[in-house]
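> return atomic coordinates for the entry below.
(chains A and B)
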Amino acid sequence: MSPRSSAIERLASPRPRPVEVLAWLLPALAFFLVPDNLALGVSIMTYAVAVLALDLVLGYAGIVSLGHAAFFGVGAYTAGLLAVQGWKEPLTGMLLAGAVSLALGFLASFLVVRGKDLTRLMVTLGIGLVVYELANRLSSVTGGMDGLSGFEIGPIFGVFSFDLYGRTAWWYVYGVLILVFVLLRLVVSSPFGLSLRAIREGVSRMPALGASVDHRLRTAFTLSAGVTGIAGGLLAQTTQFVGIDSLSVGRSADFLVMLVLGGTGRLYGALIGTTVFMIAHDYLADMNPVYWEFWMGLLLMAVVLFARGGVVGAGRRLLQTVKTKFARAAP
Amino acid sequence: MASNILGILFDGLAYGSLLFLIGVGLSITMGLMNFINLAHGTFAMAGGYISASLSQKSGMPFLATLPVAFVGAGLFGLVAERLLFRRLYKAPHLDQVLFTFGFVLSSIAAAHYFFGAGQQMGVMPSFLQGQIRVYGIDLGRYRLLLIAFVGLITLALHLILSKTRFGAQVRAAVDNQDAAAGLGINVGLIFSLCFALGTGLAGLGGALGIEVLGLDPGFPLKYMVYFLLVVVVGGAGTIRGPLIAAMILGVFDVAGKYYVPQAGAFIIYVLMIVLLLAFPTGLGGKRA
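Okay, the predicted model is just below:
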């Protein structure tokens, strides 16, 4: 096989390597090893779904979004409100949450793809702020600052009911995370996913190849919004509470930090970044939140200056150095 | 009713003047280096804290603290630019956004640590309190001072940019950085000076604005959108664009809060999206 076709093969193959399958068993191992902290595992995997979705627009399509919490929160409120109204079936509730966010993302995508980097950033920020203000004003529906609570979720498949320890919630979110990962993996290795990367690398060349840039960016943004909505739905169902901060710009920024910490444009970066961020946050929870912010800011600056590509990028570079050293040492 | 509208217009213009004063430096630096800086509010906050602590702790008169705030924030900006920001001029926009956002987060925590979480109070001299009645409209003296002050600064900026050698160099660098550098202009130095001037003006705005904008550790994040908006809507790299944008934002924000208080900040955000979509490159901008 020529090197070029093998490169294309590598870029475009969604087929999992054995290492990956083993890696996906790690969370299941954690379930049995740390059974007393399942809630943390559930929230890590819930946020991981949202951060994966963000990776699709940021890492692959190259759109910096500071408004993804809007889709996350809308999904959460959709799932929460459905349950309040008596729709207790979780799977359809989650899918509807995703569908509502998908529709909102579709509308928003027309605004987002206009303009360049900075304008895009501001428009996504503006969409986030508008949705937040709306939820805040419609407090009769959303519960305003108090949030939405006091709803119950029915059993999954009508069999597995949500328990106090979060065991059912854990397997539920784990399953959804795997499905979402597989879906996104298929998307980014499809011709569509490859064209997104091409747009990111050289936006002016794509129209010359006869590809509609705006159309592809809109599709990616819409899909990402839908998946983020699913994450929001999961949050509402597993915690049985929806707070207005799930819509806040701070939450959007958290997603961005998690993704950058792990590394963009790799999907696995999203998973690792979310895990590191959430565990650090959990350990430092006793600390004054202000000082958490200080270290967060410092960490962000350090990642940008010294560790482009986040944890995954740094790991890959380390592996590369070791490999070349060994290659040199060997005759 | 008519006097009511004029009063709101007046308040809105005063508010817009402040936004312009803080945002104009951002416009110049963004236009010059195409550098997305979310941390501009941090320098405005620094100026505000310098002024507030000088007037509270050592009893310095308010007006005398203003030059100190200007110089202090400008020096802070110069140091930050030389040590940190200049490393990112060639970096992708995402890196710039993340870095400056991290800078904002850390600065908020630092301000919290040094000055506490509470709102700072400015000590206004008595001759700035109260109102003057002009043709049946009550005009706040302090706001009148704001507008006059910003008018003078705008005039000075305009003269510097259009009449001096330095101004010609800045304009050349905004138009075409490479050609300017090729003609022997030290673009890096120009940029450092512009950054210092811009952050100094922001510090001055932060100090002047304690009464109107308030001052607490959350300041850089709370007004980040407004400052960016002044630049993005106005168009980076000019003075006229941000001036018009700041006045529009100021008047709409004050009018919205007065007439439809239940809508809150909603109006300004919708206005922002509409303006951004209608003018993707800004009202008077050369570059998006």
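> residue nearest the centroid of chain A?
Nearest to the geometric centre of chain A sits A:V51, at 1.7 Å (CA atoms, centre = their mean).
> what is the subsequent helix or strand relative to the helix or strand containing that one?
Here A:V51 is covered by helix A:38-55, with elements defined by DSSP states H and E. Using DSSP H and E, the helix or strand that follows helix A:38-55 in sequence is helix A:68-84.
> secondary structure class for B:R133?
strand (DSSP: H, G, I helix; E, B strand; the rest coil).
> I'd like to know how many residues surround it.
8 (other CB atoms under 10 Å in any protein chain shown). For the C-beta atoms, the positions are set from N, CA and C on the backbone; glycine is no exception.
> how about it, nearest residue that isn't a chain neighbour?
B:L139 (7.6 Å; CB to CB, 6 or more residues apart in numbering or on different chains).
> cross-check the contact I'm expecting between the one you found and B:G130.
No: between B:L139 and B:G130 there is no contact under CB atoms under 8 Å: 10.3 Å.
> between the two, tell me which one has more neighbours.
B:L139 (18 against 10).
> residue contacts, the more buried one?
B:7, B:10, B:131-133 (CB atoms under 8 Å, 6 or more residues apart in numbering or on different chains).
> state the distance from the residue nearest to the centre of chain A to A:G297.
Here the criterion is CB to CB, to the nearest Å. By it, A:V51 lies 19 Å from A:G297.
> low pLDDT regions in the stretch 101-250 of chain A?
For the stretch 101-250 of chain A, the stretches with pLDDT under 70 are A:203.
> get me the contact residues on it for chain B.
A:111, A:114-119, A:121-123, A:125-127, A:129-130, A:133-134, A:136-137 (CB under 8 Å from any CB of the partner chain).
> give me the buried entries from these.
Neighbour-count burial (16 or more other CB atoms under 10 Å in any protein chain shown) applied to those gives A:111, A:115, A:117-119, A:121-123, A:125-127, A:129-130, A:133-134, A:136.
> confirm B:L139 sits in a strand?
Yes: according to three-state DSSP, B:L139 belongs to a strand.
> where does B:Y269 sit: helix, strand or coil?
Classification of B:Y269 by three-state DSSP places it in helix.
> that one contacts A:V130, doesn't it?
Yes: the pair B:Y269 / A:V130 is scored as a contact, 4.7 Å apart, by CB under 8 Å.
> residues near residue 208, how many?
Using chain A. 8.
> look at chain B instead
Quick note: B:L208 (other CB under 10 Å) scores 29 neighbours.
> what about it, distance to B:M124?
11 Å.
> from the middle of its chain, how far away would stretch A:136-153 be?
24 Å (CA atoms, centre = their mean, to the nearest Å).
> can I get the CA coordinates of it in CSV?
Extracted C-alpha coordinates of stretch A:136-153, given in CSV (Å, rounded to 0.1, in the frame of the first residue of the first chain):
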residue,chain,number,x,y,z
ASN,A,136,-34.4,33.8,33.6
ARG,A,137,-37.5,35.9,32.6
LEU,A,138,-39.8,32.9,32.0
SER,A,139,-39.4,31.9,35.6
SER,A,140,-43.0,30.6,35.7
VAL,A,141,-41.9,27.8,33.3
THR,A,142,-38.3,27.3,34.2
GLY,A,143,-38.3,28.0,37.9
GLY,A,144,-36.0,31.0,37.3
MET,A,145,-33.1,31.2,39.8
ASP,A,146,-34.5,28.3,41.9
GLY,A,147,-34.3,25.9,39.0
LEU,A,148,-36.5,23.0,38.1
SER,A,149,-36.9,20.2,40.6
GLY,A,150,-39.4,17.8,42.0
PHE,A,151,-39.8,15.5,39.0
GLU,A,152,-39.2,11.8,38.7
ILE,A,153,-37.9,9.7,35.9
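> which SSE is B:V233 in?
Taking DSSP H and E as the criterion, B:V233 maps to helix B:224-234.
> need the longest helix for chain A.
The longest helix of chain A (DSSP state H) is helix A:213-239.
> now it: buried residues?
Buried residues in helix A:213-239 (16+ other CB under 10 Å): A:213, A:216-239.
> can you check stretch A:28-42 too?
Residues of stretch A:28-42 classed as buried: A:30, A:38, A:40-42 (neighbour count, 16+ other CB under 10 Å).
> likewise for stretch B:47-57?
Those buried within stretch B:47-57 under the rule 16+ other CB under 10 Å are B:47-52, B:54-55.
> what is the nearest of these to chain A?
Closest approach to chain A among the buried residues of stretch B:47-57 (CB to the nearest CB): B:Y49, at 15.9 Å.
> neighbours of residue 201, how many?
By default, I'm working from chain A. By other CB under 10 Å, neighbour count at A:E201 equals 10.
> can you look at chain B instead?
With other CB under 10 Å as criterion, B:L201 counts 28.
> what does the one 10 residues further on give?
When neighbours are defined as other CB under 10 Å, B:E211 has 18 of them.
> who does the residue nearest to B:R133 bridge with?
Taking DSSP bridges as the rule, B:L139 bridges to B:I132.
> could I get the contacting residues of residue 74?
Defaulting to chain A. A:97, A:100-101, A:104, A:131, A:229, A:232, A:247 are the contacts of A:V74 under CB under 8 Å, 6+ apart.
> hmm, no, I was thinking of chain B.
Going by CB under 8 Å, 6+ apart, B:G74 touches B:196-197, B:199-200, B:203.
> nearest to B:G77, of these?
Closest approach to B:G77 among the contacts of B:G74 (CB to CB): B:T199, at 2.6 Å.
> state the pLDDT value of residue 287.
Just so you know, I chose chain A. A:M287 is assigned 70 on the pLDDT scale.
> my bad, the chain I had in mind was chain B
45.
> please apply the same query to A:P14.
A:P14 carries a pLDDT score of 69 in this model.
> that older thread, of the buried ones among the residues of the stretch 101-250 of chain A next to chain B, which pair is most distant in space?
A:D117 and A:N136 (28.8 Å).
> show me where the stretch 101-250 of chain B has its helices.
Remark: helices assigned in the stretch 101-250 of chain B by DSSP state H, counting those that start in this stretch are B:141-163, B:165-175, B:177-182, B:187-208, B:210-213, B:219-222, B:224-234, B:240-259.
> how about the fourth one as CSV, C-alpha atoms only?
This points to helix B:187-208. The C-alpha coordinates for helix B:187-208 follow below in CSV (Å, rounded to 0.1, in the frame of the first residue of the first chain):
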residue,chain,number,x,y,z
VAL,B,187,5.7,47.9,14.1
GLY,B,188,6.4,46.0,17.4
LEU,B,189,7.2,49.2,19.2
ILE,B,190,4.2,51.0,17.7
PHE,B,191,2.0,48.2,18.9
SER,B,192,3.4,48.2,22.5
LEU,B,193,2.8,52.0,22.7
CYS,B,194,-0.7,51.6,21.3
PHE,B,195,-1.4,48.8,23.8
ALA,B,196,-0.1,51.0,26.7
LEU,B,197,-2.2,53.9,25.5
GLY,B,198,-5.3,51.8,25.0
THR,B,199,-5.0,50.1,28.4
GLY,B,200,-4.3,53.5,30.0
LEU,B,201,-7.5,54.9,28.6
ALA,B,202,-9.3,51.8,29.7
GLY,B,203,-7.9,52.4,33.2
LEU,B,204,-9.1,56.0,33.1
GLY,B,205,-12.5,54.8,32.0
GLY,B,206,-12.6,52.3,34.8
ALA,B,207,-11.8,55.0,37.3
LEU,B,208,-14.2,57.6,35.9
